[in-house]
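Engineer: Mind looking at a prediction? Sequence and model below.
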Amino acid sequence: MVEEGARLGVGVAIGPFCHIGAGAEIGDGATLHSHVVVGGFTRIGARARIFPFAAVGLPSQDIKAALAEGALTIGEGCVIREGVTINAGVGEGTRIGARCVFLAASHVAHDCRLGDDVILSNQVLLGGHVEIGDHAMIGGGTAVHQNVRIGAHAFVGGLSGVEGDVIPFTLASGNRAHLFGLNRVGLQRRGFAPECIERLRRAYRLLFAQEGRALSDRIDCLSRDFAGDADIAAIIEFLRAPSTRPLCAPRARAESP
């Protein structure tokens, strides 16, 4: 069922028992397998693939939203597997970057912001207003608290409970999640040079090996000692950005980075 007002691009394929709302726009070459629901003011990018029983763009589950319709933008080339739910948000709404992958039964709540090439494994749960940077990966069964930020190239292990912000390039895991060091394997797979990874390792140690100093002082040290390094600058920008959540940090006696 495609409601009047929905806009479909060239070569869109819609399988049986799908319901496309009047406010939907689906990009060229997208494929919706059977039993897919697209609601609200949803924009789906070109070449997206959405599998059975996924529901995207429906109203937020936030009680205060009172089931009001909202907006959802999904970038090109995304893969949305079986039973995934991605809720709309208010204002600019929920925004998903390009080439993201959502494995079965994962959930994205209202007003989340996901960058490009983000992967959510099976049954990952994102609370409202979560922000995730480019190339981040979240392991299966992980729950992320509302308003948490997860930086670019970070990896969160499965079955974690993430209550604090995870800085870029790091590996976090556990209940409640804490840092274990750099996401070395992910960085190597994405072509980061050994000298870049070594600079990130030094920056990580400088940031977390001086617990007696104020965090602001440690950030200033990073800014001074790694001036001109774009990757370290991304960490500093992340740390200085406003946040309502605590910082995810290593635990005492945690594995050495």
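Structural biologist: In hand now; what should we look at?
Engineer: Quick one: neighbours of residue 252, just the number.
Structural biologist: When neighbours are counted by other C-beta atoms under 10 Å, residue 252 registers 6. The way it works is simple: take the backbone N, C-alpha and C, and place the C-beta from them, glycine included.
Engineer: can you pull the contacts of it?
Structural biologist: By C-beta atoms under 8 Å, 6 or more residues apart in numbering, the contact set of residue 252 is empty.
Engineer: quick one: secondary structure of it?
Structural biologist: On the three-state scheme (DSSP: H, G, I helix; E, B strand; the rest coil), residue 252 is labelled coil.
Engineer: measure it to residue 178 for me?
Structural biologist: As for residue 252, its distance to residue 178 is 10 Å (criterion: C-beta to C-beta, to the nearest Å).
Engineer: same check, this time on residue 34
Structural biologist: 42 Å.
Engineer: Look at these two and report which has more neighbours.
Structural biologist: The neighbour comparison of residue 34 against residue 178 (other C-beta under 10 Å) goes to residue 178, with 18 against 12.
Engineer: For the more buried one, which non-adjacent residue is closest in space?
Structural biologist: Distances taken as C-beta to C-beta, 6 or more residues apart in numbering place residue 251 nearest to residue 178, at 4.6 Å, with adjacent residues excluded.
Engineer: what about that neighbour, distance to residue 195?
Structural biologist: Between residue 251 and residue 195 the computed distance is 29 Å (C-beta to C-beta).
Engineer: quick one: which of those two has more around it?
Structural biologist: Neighbour tally, residue 251 and residue 195, criterion other C-beta under 10 Å: the higher count belongs to residue 251, 12 against 8.
Engineer: Next, that one: phi, psi?
Structural biologist: Taking degrees, to the nearest 10, you get phi -90, psi 160 for the backbone angles of residue 251.
Engineer: sorry, back to before: pLDDT at the residue nearest to residue 178, what is it?
Structural biologist: At residue 251, the pLDDT value in this model is 90.
Engineer: Test my guess that it contacts residue 180.
Structural biologist: No: with contacts counted by C-beta atoms under 8 Å, residue 251 stays clear of residue 180, the gap being 9.1 Å.
Engineer: Spit out the contact partners of residue 143.
Structural biologist: By C-beta under 8 Å, 6+ apart, the contact set of residue 143 is 124-125, 127, 160-162.
Engineer: Ranking by neighbours, what's the top pick from these?
Structural biologist: residue 162 leads the contacts of residue 143 on contacts (other C-beta under 10 Å) with 27 neighbours.
Engineer: Give the rounded mean pLDDT of stretch 147-155.
Structural biologist: 98.
Engineer: what are the phi and psi angles of residue 84?
Structural biologist: Here is the backbone geometry of residue 84 (degrees, to the nearest 10): phi -70, psi 140.
Engineer: That one contacts residue 101, correct?
Structural biologist: No: the criterion here is C-beta under 8 Å, and residue 84 misses it with residue 101 at 10.1 Å.
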